[in-house]
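A.B. asks: sequence first, then the predicted structure:
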Amino acid sequence: MLYSKGDTPKYVLFDRCCVRIQPRVISAPLGRRCLTVRPSRCVASQGSYRLTSRDWRYVVWCKNEGMTDSAYPLPKPAMIRKLYGSAFRCAHPGCSRPLYKVSDETGDLILNSRVAHIHARRKGGPRWVEMPAEQNREFGNLLLLCIEHSYEIDENPGPFPAEVLREWKAAQIAEYEQIQRSWNISDDEASEALVASESIATLHISSVVEVVRRIEALGLTARRTRGQVRDWAKRWQQLRERTRRSFSAWDEDGNSVYLEPSINEVRPIKDGIQSALETALHEIQPVAEAVRVELAAVRTTRVETGPWCDELDRVITDVIHTASKWDGGPDHGADAKFEGALNRLNETRDMFVRVVRGESIELPEPSESVSDANAPDAFDMHRALLDEARPYHRVQHRPYDADLRERVAQATQVAAQIPPTPHLLAYGLNVTAALSVAVAGNATSEVQIDLVESDAKRTPICAAVALLEETARRHDKASVVGSAAAEQLRRVWVDTDWAKECSWIGNEVNGQAMMHAFARATSDEEVRDRLTSALEANPGLLETMVISCAGWVDQLDSGTWEVVDRDRSYRSVPLWFPIEVAGELVPSRHPELSSFDVAELPEKLLRCTQEHSELPGTPKQ
């Protein structure tokens, strides 16, 4: 039937697009159906587009308002107005998003919701059941949700059966009756909400889902093939470490001199890395091309997604480029550019999906900032600082460097969190303190006394103790500097209230070494008496003290003898540990330890405490 000039202009939901019929003769492809919708504004921004007379030959008119082969008819605009007139926010119980939001730039209301069906319009859809057509589009089967949750209930319908959605609807209406706030929308706005809800739910979902699937496949393929490259880099690092361990020396100024692997030893590894990169590129490119094919399909049918399709295309190019390069040398963990590219791919994919769902999101601006993954590791920085200071410990003639001394002394705060196990001793608290003191070896006595006073104020307390004890050890106790350090060490011990929780903060990892130092400066009996008094004054301190005073052990792989983990332990109970008062507190604080041997009490308390608390982490080696 021809739609001729003079008839009322209408919007037509035509297969996959919504167009406005102008007051002149235009045409439609033969064999397709259209659904009339009441007058409304142009909804191109919602994923539809206007067709011109050149695109059409005849208009097909449907008198029954659009019963397609497999779907119930759309709700009427009057019903949409009724819905928005009885709700204010998303029906999801945990969501407070309003059904309309205000534009920050213009102050206009922007549709922020969709009309969802409790029982789907289409056969095979979420919670679909056969029912009369009018019942499917009546008030009781329609639910207003924000864009995000309208997708959630349909994409993952299992947790959202019809009964749950009806409860949400009842609560939404009850909230309206209580607060008397809703949205009094016009016919135009009702039509806009209807078209947005219908078109976005049905347009090209398969293409979008396929894009997401293929992007995930691209990421998984890139990571899998990258593992082979990293394995070769790890072999290179192991070769380098073996070579360095075979030769140890330093120059006349105490700087380390290292032996590097020969070219013949490194060449097979570099060839392996290059071969792995070529294999990765060969596997990644077809997967990336498949993503681009799906993006082209979405771009042609969803014009508003064009900029995001282009952005995804750029990120995919970046992934391919970084996956075909290796700049890390023998460091198998130095792969920041590759990890950054994959992170951007996932972030852009998520934003692309949100745009398809109808959310308004600005394109990310190109950033030159370095990825967080490229930031230096704190332990690596600590290790490099110690290497800078080691020459002062090897030779005696290097001049005092005030800046280096301060930086190494501050590093004791980092070292305080490094467990004193055999594999980490070279970077631990005692070595850090020793290097700090060595850097000041040629400073004047006046300067060194000032450093002693400054070190006594450092935190955590275990850092101050390590610096003071090392200064006293390095100098003759009869000397001015040595006696000043010993005196400050005893003062720290006396002035600290060990019954307070704050006194133990930061000392959880190296607390045992700290107490050993206090015992050497005073006696085992004095330390035990003060810790006993602390527990009597504050029984709640028991667990903190048990953890802080425990030792550390490396857990080794029985086959390779490599460190696989670290753990706390009381292999032997320190003489200064207040075991008697701890035993008295056990029945009230840990009744599960009904029977115990006194010698095994600290270990049992430690295990029991570990089950209910998180111990300080250990750095990667």
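C.D. replies: Sure, I can see it.
A.B. asks: what segments of the protein are strands?
C.D. replies: Secondary structure of the chain, counting by DSSP state E: strands at 10-14, 17-21, 34-37, 100-102, 109-111, 113-117, 142-146, 249-250, 256-257, 551-556, 563-569.
A.B. asks: let's have the ones you listed in JSON lines, adding distance to residue 131.
C.D. replies: Where you see a C-beta, it was placed from the backbone N, CA and C, and this is true even at glycine. Listed next are the strands of the chain as JSON lines, based on distance: least, C-beta to C-beta, whole Å:
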{"stretch": "strand 10-14", "distance to residue 131": "22"}
{"stretch": "strand 17-21", "distance to residue 131": "26"}
{"stretch": "strand 34-37", "distance to residue 131": "20"}
{"stretch": "strand 100-102", "distance to residue 131": "30"}
{"stretch": "strand 109-111", "distance to residue 131": "28"}
{"stretch": "strand 113-117", "distance to residue 131": "11"}
{"stretch": "strand 142-146", "distance to residue 131": "13"}
{"stretch": "strand 249-250", "distance to residue 131": "86"}
{"stretch": "strand 256-257", "distance to residue 131": "81"}
{"stretch": "strand 551-556", "distance to residue 131": "63"}
{"stretch": "strand 563-569", "distance to residue 131": "60"}
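A.B. asks: winner for burial among those?
C.D. replies: strand 113-117 (a mean of 25; mean count of other C-beta atoms under 10 Å).
A.B. asks: quick one: list the elements packing against that strand.
C.D. replies: If you count contacts as 3 or more C-beta pairs under 8 Å, 6 or more residues apart in numbering; DSSP states H and E, strand 113-117 packs onto strand 142-146, helix 147-155, helix 187-202.
A.B. asks: out of these, the one nearest residue 440 is which?
C.D. replies: Evaluated over the helices and strands packed on strand 113-117, closeness to residue 440 peaks at helix 147-155, with 60.1 Å, by C-beta to C-beta.
A.B. asks: counting by contacts, list what the closest one packs against.
C.D. replies: Applying 3+ C-beta pairs under 8 Å, 6+ apart, one finds that helix 147-155 contacts strand 113-117, helix 187-202.
A.B. asks: wait, what's in contact with the nearest residue to residue 306 once chain neighbours are set aside?
C.D. replies: Spatially, and ignoring its direct neighbours in sequence, residue 306 is nearest to residue 299 (5.3 Å; C-beta to C-beta, 6 or more residues apart in numbering). Counting by C-beta atoms under 8 Å, 6 or more residues apart in numbering, residue 299 makes contact with 305, 306, 309.
A.B. asks: let's see it at 10 Å
C.D. replies: Residues in contact with residue 299 (C-beta atoms under 10 Å, 6 or more residues apart in numbering) are 207, 292, 305, 306, 307, 308, 309, 310, 312, 313.
A.B. asks: how is the protein divided into domains?
C.D. replies: Here the domain parsing of the chain from automatic domain parsing is 1-66, 77-203, 206-373, 378-610.
A.B. asks: spatially central residue in this structure, please.
C.D. replies: Centroid-nearest residue in the chain: residue 343, 10.4 Å away (criterion: C-alpha atoms, centre = their mean).
A.B. asks: picking that back up, Serialize the domains of the chain to a markdown table and add fields for mean pLDDT.
C.D. replies: Formatted as a markdown table, the domains of the chain follow (pLDDT from 0 to 100):
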| stretch | mean pLDDT |
| --- | --- |
| domain 1-66 | 33 |
| domain 77-203 | 81 |
| domain 206-373 | 83 |
| domain 378-610 | 91 |
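A.B. asks: which parts of the stretch 151-300 of the chain are helices?
C.D. replies: Per DSSP state H, counting those that start in this stretch, the stretch 151-300 of the chain carries helices over the ranges 162-179, 187-202, 205-245, 263-301.
A.B. asks: between the first one and strand 113-117, how big is the angle?
C.D. replies: On the basis of axes from the mean of the first three to the mean of the last three C-alpha atoms, to 10 degrees, helix 162-179 is oriented at 130 degrees to strand 113-117.
A.B. asks: who touches helix 162-179?
C.D. replies: So helix 162-179 is contacted by 83, 85-93, 95, 99, 116-119, 126-127, 129, 139-145, 149, 153, 157, 160, 181-182 (C-beta under 10 Å, 6+ apart).
A.B. asks: one more pass at 6 Å, please.
C.D. replies: The contact list for helix 162-179 (C-beta atoms under 6 Å, 6 or more residues apart in numbering) reads 86, 87, 91, 118, 127, 143, 182.
A.B. asks: how many other residues sit next to the fifth one?
C.D. replies: The number of residues packed near residue 127 is 18, by other C-beta atoms under 10 Å.
A.B. asks: start at 634 instead
C.D. replies: From this message on, residue numbering opens at 634, which makes the last subject residue 760.
A.B. asks: gap between it and residue 754?
C.D. replies: 11 Å (C-beta to C-beta, to the nearest Å).
A.B. asks: and the second one, by the same measure?
C.D. replies: Counting by C-beta to C-beta, the gap between residue 720 and residue 754 amounts to 20 Å.
A.B. asks: any chance you could map the helices in the stretch 1134-1254 of the chain?
C.D. replies: Ranges of helices within the stretch 1134-1254 of the chain are 1144-1154, 1157-1170, 1175-1181, 1212-1222, 1234-1243, based on DSSP H, counting those that start in this stretch.
A.B. asks: picking up where we left off before, any idea which of the contacts of residue 932 is closest to residue 1214?
C.D. replies: Closest to residue 1214 out of the contacts of residue 932 is residue 945 (65.1 Å), distances taken as C-beta to C-beta.
A.B. asks: the closest one: what's it in contact with?
C.D. replies: Per C-beta under 6 Å, 6+ apart, neighbours of residue 945: 981, 985.
A.B. asks: ok, now residue 1060?
C.D. replies: 1016, 1051.
A.B. asks: and for residue 870?
C.D. replies: Residue 870 is in contact with residue 963, counting by C-beta under 6 Å, 6+ apart.
A.B. asks: just give the nearest non-adjacent residue to residue 1082, would you?
C.D. replies: residue 1117 (5.3 Å).
A.B. asks: what about the one you found, neighbour count?
C.D. replies: Neighbours of residue 1117 (other C-beta under 10 Å): 22.
A.B. asks: again with the one 3 residues further on
C.D. replies: Using other C-beta under 10 Å, residue 1120 has 15 other residues around it.
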